[in-house]
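Participant: need coordinates for the following:
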Amino acid sequence: MIKWSFSGLKEYVNCPKQYHEVKILQNFTKKVTEQMLYGTEVHKALEDYVRDGTPLAKNYEQFQPMIDAILEAPGTRYAELKMALTAEKQPCAFDAPDYWVRGIVDLLIINGDTAYIVDYKTGSAKYPDPKQLKLMALMVFAFYPEVQFIKAGLLFVMYGVFIDEQYHRHDQDKLWNTFATDLARLHNSHEANVWPANPTPLCGWCPVQNCEFHGRRGRRF
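Facilitator: Below you'll find the predicted structure:
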């Protein structure tokens, strides 16, 4: 059984070779960038603010009005909630040996048959990818059988942009189909042990030094 997460599957789609060398073989390690560190710090600050009411540091106070507006929604709040499903799409512990897929919801609010999902983003809002919301919604439907309707959104905190989607419980098959093609590709790569490189202008920043495209910054292939 191939275990996965949204971020891992996305890394595989972006470049199977990098995914194989970094995540599976662990021959190379991705460099932690300033942008990544900032994203981690923002997530932690917002988690503490939502869960415990910890005041935001001065450089994060600009985010408070956006978060406060979301927190006006009634219901039980969960910050950085970890969830996982088995291959049978049943809820299980995040670190269960038989987990199949797992993820973390930045903010979840449950109010009867309605749920609200928010995923914080510190990067650009130019190319939003709502697939992560779809996966989180599927997990919420599995963990909370009373939930019939989900309002979800990507909150780009640096730009005050909110990309929203809505899901109904009867949408689950359609939502799972969103990942079917990429999961099939991942399965085939494991079965055949074939991990082709996918050259892009970002190859110059890739840690996989044994790739023929390594170091080619900004070039179109």
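
Participant: what's the mean pLDDT across the helix ranked longest in the chain?
Facilitator: With secondary structure taken from DSSP state H, the chain has its longest helix at helix 172-192. Averaging pLDDT along helix 172-192 yields 97.

Participant: next one: stretch 209-220
Facilitator: On average, stretch 209-220 scores 73.

Participant: quick check: Ser79 is in a strand.
Facilitator: Heads up, residue 79 is Ala, not Ser. Yes. With DSSP: H, G, I helix; E, B strand; the rest coil as the criterion, Ala79 is part of a strand.

Participant: what about the strands in this protein?
Facilitator: For the chain, strands defined by DSSP state E occupy the ranges 76-85, 91-92, 101-111, 114-121, 149-156, 161-168.

Participant: wait, which of these is closest to Gln26?
Facilitator: Closest approach to Gln26 among the strands of the chain (CB to CB): strand 101-111, 19.2 Å. Quick note: C-beta positions are derived from backbone N, CA and C, even for glycine.

Participant: in the closest one, what counts as buried?
Facilitator: 101-110 (16 or more other CB atoms under 10 Å).

Participant: how about the residues you listed, which pair is most distant?
Facilitator: Pairwise distances across the buried residues of strand 101-111 peak at 22.4 Å for Val101 and Ile109 (criterion: CB to CB).

Participant: quick revisit: who wins for proximity to Trp4 among the strands of the chain?
Facilitator: With CB to CB as the measure, strand 101-111 is the member of these nearest Trp4 (5.4 Å).

Participant: contact partners of stretch 68-77?
Facilitator: Stretch 68-77 has contacts (CB atoms under 8 Å, 6 or more residues apart in numbering) with 50-51, 107-112, 114-116, 118, 155.

Participant: distance between the ends of it?
Facilitator: Across its full length, stretch 68-77 reaches 13 Å between end residues, using CA to CA, to the nearest Å.

Participant: what distance do you get for Thr86 to Gln64?
Facilitator: Separation of Thr86 from Gln64 (CB to CB, to the nearest Å) stands at 38 Å.

Participant: can you list the low-confidence ranges for the protein?
Facilitator: For the chain, the stretches flagged by pLDDT under 70 are 216-221.

Participant: run the last query once more with 50
Facilitator: Scanning the chain for pLDDT under 50 picks out the ranges 221.

Participant: tell me the one of the contacts of stretch 68-77 nearest Glu34?
Facilitator: Nearest to Glu34 among those, with distances taken as CB to CB, is Leu155, at 21.0 Å.

Participant: ok, the closest one touching Lys121?
Facilitator: Yes. Using CB atoms under 8 Å, Leu155 is in contact with Lys121, at 6.5 Å.

Participant: give the contact list for Lys134.
Facilitator: The contact partners of Lys134, by CB under 8 Å, 6+ apart, come to 165, 167, 175, 178-179.

Participant: typed the wrong thing, it's Phe149
Facilitator: 113-115, 166-169.

Participant: cool, and Lys89?
Facilitator: 100, 138, 142, 176.

Participant: Trp195 versus that one, what's the distance?
Facilitator: Look at Lys89 and Trp195: by CB to CB, they are 27 Å apart.
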